[in-house]
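Asker: Have a look at this prediction, sequence included:
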2 protein chains.
Amino acid sequence: MSTRRVRARRGEGALLREEILRAAEDLLAEAGTEDALTLRAVAERAGVSTPSVYLHFADKDALVEAVCMRVWDELGRVFTGNLGGDPFLALGKCARAYARFALDHPVQYRVLMLRPSAAPGVPPAAETAFRHMVAAVAACVETRVFEGDPEKLALGLWSAVHGCVSLLIAQPAFPWPRDREALLDHIVRQAGFGAAVYSRLPATLPPSKELAARLDEFGARLAAGADEPEADEPGQSSP
Amino acid sequence: MSTRRVRARRGEGALLREEILRAAEDLLAEAGTEDALTLRAVAERAGVSTPSVYLHFADKDALVEAVCMRVWDELGRVFTGNLGGDPFLALGKCARAYARFALDHPVQYRVLMLRPSAAPGVPPAAETAFRHMVAAVAACVETRVFEGDPEKLALGLWSAVHGCVSLLIAQPAFPWPRDREALLDHIVRQAGFGAAVYSRLPATLPPSKELAARLDEFGARLAAGADEPEADEPGQSSP
DNA sequence: ACCTCAGATTGACATCGTTAACTTGACGAC
DNA sequence: GTCGTCAAGTTAACGATGTCAATCTGAGGT
């Protein structure tokens, strides 16, 4: 056991909760593996005996869940920090920032998303983060670059980005393309364009070859009139 | 301990390996939680003492990895069973079948995809399954409904579908739309259309409002000439 | 000075993965 | 037939983990 913690004053027992959470977060970040998140290790790092954790968390799952709340908070800030400007471009920035956060904090992201969440309801922080996603999409609906239910569209975009980063994190042995940044760029653009054209296509499409011809024609027409960019992020002018 | 297993004949010790794998798979499927996949439980179910597992698997991870191989095999068959016909439609069928498999076998899918894969290389069964995905996409490139690198496009589609099902599985408490089938339909179409238009769009796009107008025009033109479907699955005539 | 009870600890239990040492019994050699 | 060998399998144990019951401790009100 490291340095013994001084006992909290009466009525301030909740201070320990904060220290335990900190210890858990640090442990997770430093070890790089969720296996290192042990009640004993957390307690020792907090300078406290193991069962003391139970004074502030019902069980280990509750502690992990509390850590997740923090991650949700950070994830929410990822969105708020990338809004503003053209909605379509802003959405792209948000998506890329989300992916970067996940890849920069793989352990936290895994614990947050790739774990059987025992909690019954949706944590408020998660709700907030998702609301931000939906809002970013709704702004695109407002400018009519997207059409349809913002929630559904957001789920589609979230699925794409989350799917990519979660595969990158959980299956690192997979023969991924060298350039992760380029891959994510691809994913974000593919998903964004999908959301843009989704609702504009009829339910019944022509067979592949005819569809291909029409898409070609569409691309040519779209490219023909696109030469006045307002991109504030050169080289990445779309989601 | 249940019924003791009769000892294998000399040179046929590998039979136990098969039985242990079966036991592990059954345990996983019946319990519905990976926590139930205990060496002791597996051994008991195989009618054998716990350390006997180590005669055929280096450690627990090796056993889990072996179970995963089986799941990859099944996942590979999901693709081969849904090919043929129009490539774009076939791809949609594959994606839907993939999602159905994942949602029908959530525990297996979680163990397969949402777990830190300890294995250094890519298992052949996984390689095969991914090759099937790429092949289905490559067929769409051949009919020119898609353009570009089939691997990258496949990764985009895979990300979208995997992302959705993995979120559904790992975050069941989230307020998902009632109709899962409809949600998946949305995801698959959004991702498929994204792949279709992805490479046809220029790197620099006009601002949202102008882009919206052009997309509208595109949709109108596409819909105007679409009335001769060759859908073999009424109501779901596109990826 | 004393009592009280929030704050924290001690010691233990069951279960898990894993290892070392031991036993069993089928099969080839003589 | 019997006998030795070695694959096949078991017993017993260790350390680590999550968890709980019982206990201690000491700050703060009376």
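Answerer: Looks like it came in fine.
Asker: CA atoms for contacts and neighbours, from now on please.
Answerer: Fine.
Asker: Next, find the distance separating the residue nearest in space to the middle of chain A from residue A:109.
Answerer: Residue closest to the average C-alpha location in chain A (CA atoms, centre = their mean): residue A:98, at 4.6 Å. Per CA to CA, to the nearest Å, residue A:98 is found 10 Å from residue A:109.
Asker: Ok, residue A:25 next?
Answerer: Counting by CA to CA, the gap from residue A:25 to residue A:109 is 12 Å.
Asker: And for residue A:95?
Answerer: 15 Å.
Asker: So those two - more neighbours on which side?
Answerer: With neighbours defined as other CA atoms under 10 Å in any protein chain shown, residue A:95 and residue A:109 compare such that residue A:95 has more, 28 against 22.
Asker: That one against residue A:188, yeah?
Answerer: Yes. If you go by CA atoms under 8 Å, residue A:95 and residue A:188 touch, sitting 6.8 Å apart.
Asker: Report how many residues lie close to residue A:137.
Answerer: Applying other CA under 10 Å, we find 28 residues neighbouring residue A:137.
Asker: Let me know the pLDDT of it.
Answerer: On pLDDT, residue A:137 comes in at 96.
Asker: Quick check: buried residues in the helix or strand containing it?
Answerer: Assigned by DSSP states H and E, residue A:137 belongs to helix A:124-142. Within helix A:124-142, the residues scored as buried using 16 or more other CA atoms under 10 Å in any protein chain shown are A:125-126, A:128-141.
Asker: closest to chain B among these?
Answerer: Closest approach between these and chain B, by CA to the nearest CA: residue A:140, at 7.4 Å.
Asker: and residue A:222, helix, strand or coil?
Answerer: Three-state call for residue A:222 (DSSP: H, G, I helix; E, B strand; the rest coil): helix.
Asker: Which residues are in contact with it?
Answerer: Neighbouring residues of residue A:222 by CA atoms under 8 Å, 6 or more residues apart in numbering or on different chains: B:201-202, B:214.
Asker: In space, what's closest to residue A:115 - neighbours in sequence excluded?
Answerer: Leaving aside its sequence neighbours, residue A:115 sits nearest to residue B:170 (CA to CA, 6 or more residues apart in numbering or on different chains; 6.0 Å).
Asker: actually residue A:83, sorry about that
Answerer: Excluding the flanking residues, the one nearest residue A:83 by CA to CA, 6+ apart is residue A:90, at 5.3 Å.
Asker: And for residue A:103?
Answerer: Spatial nearest neighbour of residue A:103, chain neighbours left out: residue A:165 (6.7 Å); criterion: CA to CA, 6+ apart.
Asker: That neighbour: neighbour count?
Answerer: Other residues close to residue A:165 by other CA under 10 Å number 25.
Asker: hey, which helix or strand in chain A has the poorest pLDDT?
Answerer: Of all helical and strand segments in chain A, the minimum by mean pLDDT, DSSP states H and E falls on helix A:208-224, at a mean of 80.
Asker: now that one, how far from the chain's geometric center?
Answerer: With CA atoms, centre = their mean, to the nearest Å as the basis, helix A:208-224 stands 33 Å off its chain's centre.
Asker: Could I have the CA atoms of it written out in PDB?
Answerer: The C-alpha trace of helix A:208-224 is given here as PDB (Å, rounded to 0.1, in the frame of the first residue of the first chain):
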ATOM      1  CA  SER A 208     -27.100  -1.800 -61.200                       C
ATOM      2  CA  LYS A 209     -25.900  -0.900 -64.600                       C
ATOM      3  CA  GLU A 210     -28.600   1.700 -65.300                       C
ATOM      4  CA  LEU A 211     -28.200   3.100 -61.800                       C
ATOM      5  CA  ALA A 212     -24.500   3.400 -62.400                       C
ATOM      6  CA  ALA A 213     -25.200   5.500 -65.600                       C
ATOM      7  CA  ARG A 214     -27.500   7.800 -63.700                       C
ATOM      8  CA  LEU A 215     -25.100   8.300 -60.900                       C
ATOM      9  CA  ASP A 216     -22.300   9.100 -63.400                       C
ATOM     10  CA  GLU A 217     -24.500  11.700 -64.900                       C
ATOM     11  CA  PHE A 218     -25.300  13.100 -61.500                       C
ATOM     12  CA  GLY A 219     -21.700  13.300 -60.500                       C
ATOM     13  CA  ALA A 220     -20.800  15.200 -63.700                       C
ATOM     14  CA  ARG A 221     -23.500  17.700 -63.100                       C
ATOM     15  CA  LEU A 222     -22.600  18.200 -59.500                       C
ATOM     16  CA  ALA A 223     -18.900  18.700 -60.300                       C
ATOM     17  CA  ALA A 224     -19.600  21.100 -63.100                       C
END
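Asker: orientation of it relative to helix B:208-224 in degrees?
Answerer: Counting by axes from the mean of the first three to the mean of the last three CA atoms, to 10 degrees, helix A:208-224 lies at 150 degrees to helix B:208-224.
Asker: For chain A, list the residues in contact with DNA strand D, please.
Answerer: Listed as neighbours of DNA strand D in chain A under the rule CA under 7 Å from any atom of the strand: A:9-10, A:36-41, A:50-51, A:58-61.
Asker: at 10 Å what do you get?
Answerer: A:6-12, A:34-43, A:49-55, A:57-64 (CA under 10 Å from any atom of the strand).
Asker: Quick check on the residues you listed: which are buried?
Answerer: A:34, A:36-37, A:39-43, A:49, A:53, A:57, A:63-64.
Asker: any low-confidence regions in chain A?
Answerer: For chain A, the stretches with pLDDT under 70 are A:1-4, A:6, A:8-13, A:224-239.
Asker: Can you show me the helices along it?
Answerer: A:14-31, A:39-45, A:60-80, A:87-104, A:106-113, A:124-142, A:150-170, A:180-198, A:208-224 (DSSP state H).
Asker: Can you tell me which helices and strands the fourth one packs against?
Answerer: Put plainly, it is helix A:87-104. Judged by 3 or more CA pairs under 8 Å, 6 or more residues apart in numbering or on different chains; DSSP states H and E, helix A:87-104 is in contact with helix A:60-80, helix A:124-142, helix A:150-170, helix A:180-198.
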